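J.: just the structure for this:
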Amino acid sequence: MNTFTTIFLIALVISYGIQFWLSNRQKNYVLDNRASVPDAFTKTVGLDAHQKAADYTVEKEKLGEIDSIIGVVFLLILTLGGGISLAFKLWSSFDFSPMLTDLGAVFTVMIVMTLFEIPTSLYQTFVIEEKYGFNKSTIKQFFKDQAISLALVLTIGIPVMAMILWVMDSIGPLWWLAAWAILMGFSLLMSWLFPTIIAPLFNKFTPMEEGLLKSRIQGLLTRCGFNSDGIFIMDGSKRSGHGNAYFTGMGKNKRIVFYDTLVDSLEDEELEAVLAHELGHFKRKHTMKMLIASSIMTLLSFAILGWLINQDWFFSGLGVETHSNAAALLLFMLVSPVFTIFMQPISAFFQRKFEFEADTFAAENAKASKLISGLVKLYEENANTLTPDPLYSAFHYSHPPAAIRIAHLESKM
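T.: I've put the predicted structure just below:
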């Protein structure tokens, strides 16, 4: 242990202390407002639905707290408990090349972390989601998804990690610039491939049938000057009763996707308004702005790692005996969230700002009243609480709270 160990532990206590404090505020605030529907929704949301959303929110928060406790314990086991050092010692005992040894140790830790997350995921899906009528998945489907995700991590992640480790070992002190370029290039490639290669591994995407809805949507796309590779319906109902819509991809490989649950829930004009909101993100260049912000933060992170990698106290302070580039990269990925919690409310603030801008765009290119009615249906059907704690939502919510968002849309009518 050294001074950095103390700093790390203090940061860990502060980071998770804030999260538990906010979670407790959220639970109490939601329960305190459970007895009656907020005034803005008394005509559109029933008391039973409001109370269902409150109970669902509280149960998810409780599970989130348990998940956080498991995360803290596991992080301490991996770092100060010697877990990372054990993984590198294990792989060093085999007669492999240094690269294979590093990759084996890194992915062993990542796979073990994934396995530790499975129990809470199972409970979320087959207890909480089942209790509130959202789960449509099966145990077989759940583990099939896990297997596909793991296969993707291994087949795609290992080559990318190998390239990053190679530049760390080979090109000198400015390796972090090359590593950043590799990661950004990979991110762009995956964004381009996701609609046609990755997403179909998990879901079936069916082109929207010709008819009034498709004509209405194509009219909206024409008005907004948006070109896509097609409009698709995704079989989201095979896993969940939750509904959503999004567009994905880059360049000519963009797709518009509606969950089948959403199409079944909303009227055509409401679906048009929801899509107009999503198009607002594109037209206001929110995706590009977030990509630029993410690129800058990633570059800064790699630059910091480029300095930390030469500091013995960074390794010893976190309980790692193996002073290697791979160990430094793994440590940084695990520990940096503890020190960057202050970035979360800043990011959430800008995301909520983008949501307001997208709502304004939707009100200009579709009917604000239909977006309001569509959102209210989604709040009710997805059991989203209408009464989140203000501090909790400011810290965590990427979308404005329901009442604030509806009031903003009403001002555009």
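
J.: helices or strands up against the one helix or strand residue 106 maps to?
T.: Per DSSP states H and E, residue 106 falls inside helix 98-123. Contact here means 3 or more Cβ pairs under 8 Å, 6 or more residues apart in numbering; DSSP states H and E; on that basis helix 98-123 packs against helix 47-78, helix 83-92, helix 139-152, helix 158-170, helix 325-339. C-beta here means a position set from N, CA and C on the backbone, and glycine is covered the same way.

J.: and the angle from it to helix 325-339?
T.: 30 degrees (axes from the mean of the first three to the mean of the last three Cα atoms, to 10 degrees).

J.: in the helix or strand following helix 98-123, what's buried?
T.: Downstream of helix 98-123, the next assigned helix or strand under DSSP H and E is helix 129-131. Neighbour counts over helix 129-131 (16 or more other Cβ atoms under 10 Å) mark residue 129 as buried.

J.: show residues contacting helix 129-131.
T.: Contact with helix 129-131 is made by 59, 135, 240, as judged by Cβ atoms under 8 Å, 6 or more residues apart in numbering.

J.: can you check the pLDDT for the closest residue to the last one other than its chain neighbours?
T.: Residue nearest to residue 240 in three dimensions, not counting chain neighbours: residue 134, with 5.4 Å by Cβ to Cβ, 6 or more residues apart in numbering. With respect to pLDDT, residue 134 scores 93.

J.: any weak-confidence spans in the stretch 201-350 of the chain?
T.: 251-253 (pLDDT under 70).

J.: tell me where it has strands.
T.: 205-207, 231-234, 245-248, 255-259 (DSSP state E, counting those that start in this stretch).

J.: residue 59 versus residue 206, what's the distance?
T.: According to Cβ to Cβ, to the nearest Å, residue 206 and residue 59 sit 33 Å apart.

J.: that should have said residue 221, apologies.
T.: Residue 221 sits at a distance of 39 Å from residue 59 (criterion: Cβ to Cβ).

J.: residue 161 now?
T.: Distance from residue 161 to residue 59, by Cβ to Cβ: 37 Å.

J.: re the thing from before, would you list the strands of the stretch 201-350 of the chain in CSV and tack on mean neighbour count and distance to residue 278?
T.: As requested, the strands of the stretch 201-350 of the chain are exported to CSV (neighbours: other Cβ atoms under 10 Å; distance: least, Cβ to Cβ, whole Å):
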stretch, mean neighbour count, distance to residue 278
strand 205-207, 12, 16
strand 231-234, 20, 12
strand 245-248, 18, 6
strand 255-259, 22, 8
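
J.: out of those strands, which gets nearest to residue 288?
T.: strand 245-248 (13.5 Å; Cβ to Cβ).

J.: and the closest one, C-alpha only, in CSV?
T.: Output of strand 245-248 as CSV, limited to C-alpha atoms (Å, rounded to 0.1, in the frame of the first residue of the first chain):
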residue,chain,number,x,y,z
ALA,A,245,-37.6,3.2,-31.9
TYR,A,246,-34.2,4.3,-33.1
PHE,A,247,-32.0,4.8,-36.2
THR,A,248,-28.6,3.3,-36.4
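
J.: packing partners for it?
T.: strand 255-259, helix 268-283.

J.: turn those into JSON lines, columns for distance to residue 196.
T.: Shown next, in JSON lines, are the helices and strands packed on strand 245-248 (distance: least, Cβ to Cβ, whole Å):
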{"stretch": "strand 255-259", "distance to residue 196": "8"}
{"stretch": "helix 268-283", "distance to residue 196": "18"}
